[in-house]
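Colleague: Next one to model:
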Amino acid sequence: MAEYQDSCVGDLAEQLGMTQSAVSHQLNLLKSNKLVRRRRDGKMMFYTLVDEHVRMVVKKGAEHIRQHNTLRFCSGHPIRTSRPI
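Modeller: Numbering: from 1, shown residues only. So this is what the prediction gives:
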C-alpha cells in the first residue's frame with residue numbers, strides 16, 4: 001500500500017495492475033478481517049494498514065514473493081506457482 005500511506009482504490013489498482021473492482025473486493029476482505037481501515041474524504045475512500053504489525057507482515061510477504069519469485073498475475077489476479085518464473 002504505497003509505503004503504507006493512505007491510498008485510494010484507483011491508485012492501488014494502477015500500482016497492482018488490477019481492476020478497481022478487484023482491488024475494492026480485496027480491500028473489503030482485508031477490512032472485514034481488521035487488517036485495513038478506511039476513511040472517507042468527500043467521495044473518495046482511502047485505505048491504510050491498521051498497525052505496525054500488519055505493515056511488517058505485508059512487507060515480509062512482499063520480500064518473500066520477490067526473493068522466491070513465486071507469484072504471477074493472470075488477468076490482474078495473482079496466481080501461485082510452485083516453480084520460479
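Colleague: Next, count neighbours for Ser7.
Modeller: 20 (other Cβ atoms under 10 Å). C-beta coordinates here come from the backbone N, C-alpha and C atoms, glycine included.
Colleague: And the one 10 residues further on, by the same measure?
Modeller: When neighbours are counted by other Cβ under 10 Å, Gly17 registers 9.
Colleague: Check the spacing between it and Val50 real quick.
Modeller: As judged by Cβ to Cβ, to the nearest Å, Gly17 and Val50 stand 25 Å apart.
Colleague: For Arg40, what are phi and psi?
Modeller: Geometry field for Arg40 lists phi and psi as phi -100, psi 140, criterion degrees, to the nearest 10.
Colleague: Let me fix that, I meant to ask about Met44.
Modeller: Torsion angles, degrees, to the nearest 10, at Met44: phi -90, psi 140.
Colleague: ranges for the helices of the protein?
Modeller: 9-16, 20-32, 52-68 (DSSP state H).
Colleague: how much distance is there from the first one to the middle of the chain?
Modeller: Right, helix 9-16. Here helix 9-16 is found 9 Å from its chain centre; the criterion is Cα atoms, centre = their mean, to the nearest Å.
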